[in-house]
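>>> Just a sequence and a predicted model for now, questions to come.
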Amino acid sequence: MFDRFVPFWGEELDSRTTPIEIGRSNRIKFDKGDFIGKAALHKQNEQGHFRRLVHFTMDDDHDVENDVWMWGGEPIFRNGVYVGATTSGGYGFTLERMIALGFIVNKDYKTGELLPVTNEYVMSKDALYQIDIAGRRFTVRQSLHPPRLPGTQVVQSKDYSPTLRDKSILQAKQQ
């Protein structure tokens, strides 16, 4: 789930979340005729969106053996200012570290005005993101796309029963 950055209904997705807010605007087929919500999506595409689903990966300061784990609902901070909350979190076995998904906003705290959440805002090199877990803030790295995962390796041992996928990988390697 988390390693692949797949949003789930009830956690990251609901009836008010748009494909633009979760980074899936490329999946919208505007040229396929009319559909419910088309005008609203066009408007959001032009004016910008005011929240964005972001993938977070814990830095090495979180000890998975001794520190509390994320489950969802933890506050997200950008340069010390609250910008949102995680929707889900857990251990990414492929990445071998804690990871989370969460929505962030871009708010002018002097005026209270919500500003569009642009890719530049999310990925700014000057931005330090932290997630508060049980009163302790941990540094995280943000991403708008799924992380690169290690290559597929087929485990071969006498106790291992290969899956259909593993068998096709082995066959491809032999050819």
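Done, it's in.

>>> contacting residues for Gly73?
Gly73 makes contact with 85-87, according to CB atoms under 8 Å, 6 or more residues apart in numbering. The C-beta positions use only the backbone N, C-alpha and C, and glycine is treated the same way.

>>> Mind doing that once more with 10 Å?
By CB atoms under 10 Å, 6 or more residues apart in numbering, the contact list for Gly73 reads 85-89, 102.

>>> Quick check on it: phi, psi?
Backbone torsions for Gly73, taken as degrees, to the nearest 10, come to phi 90, psi 0.

>>> List the neighbouring strands of the lengthiest strand in the chain plus their orientation.
Criterion DSSP state E: the longest strand present in the chain is strand 81-92. With DSSP bridges as the test, strand 81-92 is paired with strand 75-78 (antiparallel), strand 97-104 (antiparallel).

>>> Identify, out of the ones you listed, the most deeply packed stretch.
Mean neighbour count, computed with mean count of other CB atoms under 10 Å, is highest for strand 97-104 among the strands paired with strand 81-92, reaching a mean of 23.

>>> Show me which of the contacts of Gly73 is closest to Tyr121.
Minimum distance to Tyr121 across the contacts of Gly73 is 14.8 Å, recorded for Gly102 (CB to CB).

>>> Enumerate every residue touching that closest one.
Contacts were defined as CB under 10 Å, 6+ apart; by that measure Gly102 touches 12, 51-56, 70, 72-76, 83-89, 129, 131, 140, 142.

>>> Quick one: classify the spatially most central residue of the chain as helix, strand or coil.
The structure's the chain has its C-alpha centroid closest to His55; by CA atoms, centre = their mean the separation is 2.5 Å. Three-state assignment for His55 (DSSP: H, G, I helix; E, B strand; the rest coil): strand.
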